[in-house]
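Undergrad: with the input below, show me the fold.
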Amino acid sequence: MKGFPFINSKQSLTLLRMVIAIIFVLDGVAQLRYNTGGGYIGFGNNIDTVLGSFFRWVFALFEITGGVLLALGYFIPLITLLFIIEIILWMLIFAMSNTYTLGYYGSNTWYSLLLIVCLVVIAASKRK
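TA: Numbering: from 1, shown residues only. Purely as a prediction, here's the structure:
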């Protein structure tokens, strides 16, 4: 296909940043809307219902706020670093609770690693 992919590298990085931002915003909204936490809330609720609820709200609001800031292009290195820390934290918590898929076909693991790589690329694109 002549001219594919029809956008330059700067536009492709902007597209990647916007899509990743939308994923985080929608995930945060879904956690609040459907009173879920993608599994980590169940783990948190096993420890303490208030603690689990607190974590759900904190991380959901961070995902929404951070996603909006990422989409707008503000604080990109900081936001991407905090998202990476969040992902690693929840990978560890899920692994401890045996609710995270770490096997050969562990789609959660691959999805998390892909998000981390995308966040690193986004952060690197803003370095001077």
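
Undergrad: so where's this protein shaky on pLDDT?
TA: Residue ranges of the chain with pLDDT under 70: 1, 36-52, 94-107, 128.

Undergrad: helices along that one, start to end?
TA: 9-33, 40-47, 49-72, 76-97, 107-125 (DSSP state H).

Undergrad: which of these sits closest to Lys2?
TA: When the helices of the chain are compared by C-beta to C-beta, helix 9-33 sits nearest Lys2, at 17.7 Å. The way it works is simple: take the backbone N, C-alpha and C, and place the C-beta from them, glycine included.

Undergrad: what is the orientation angle of the closest one with helix 107-125?
TA: Calculated by axes from the mean of the first three to the mean of the last three C-alpha atoms, to 10 degrees, helix 9-33 forms an angle of 130 degrees with helix 107-125.

Undergrad: buried sites along helix 9-33?
TA: If you call a residue buried by 16 or more other C-beta atoms under 10 Å, then helix 9-33 has these buried ones: 13-14, 17-18, 20-21, 24-25, 27-28, 31.

Undergrad: which of those residues sits closest to Gly66?
TA: Out of the buried residues of helix 9-33, the member with the shortest distance to Gly66 (by C-beta to C-beta) is Phe24, at 6.2 Å.

Undergrad: and the closest one, how far from Arg33?
TA: From Phe24 over to Arg33 the distance is 15 Å, taken as C-beta to C-beta, to the nearest Å.

Undergrad: for Leu119, same thing?
TA: Distance, Leu119 to Arg33, by C-beta to C-beta: 24 Å.

Undergrad: could you do Ile76 as well?
TA: Here Ile76 is placed at a distance of 27 Å from Arg33 (C-beta to C-beta).
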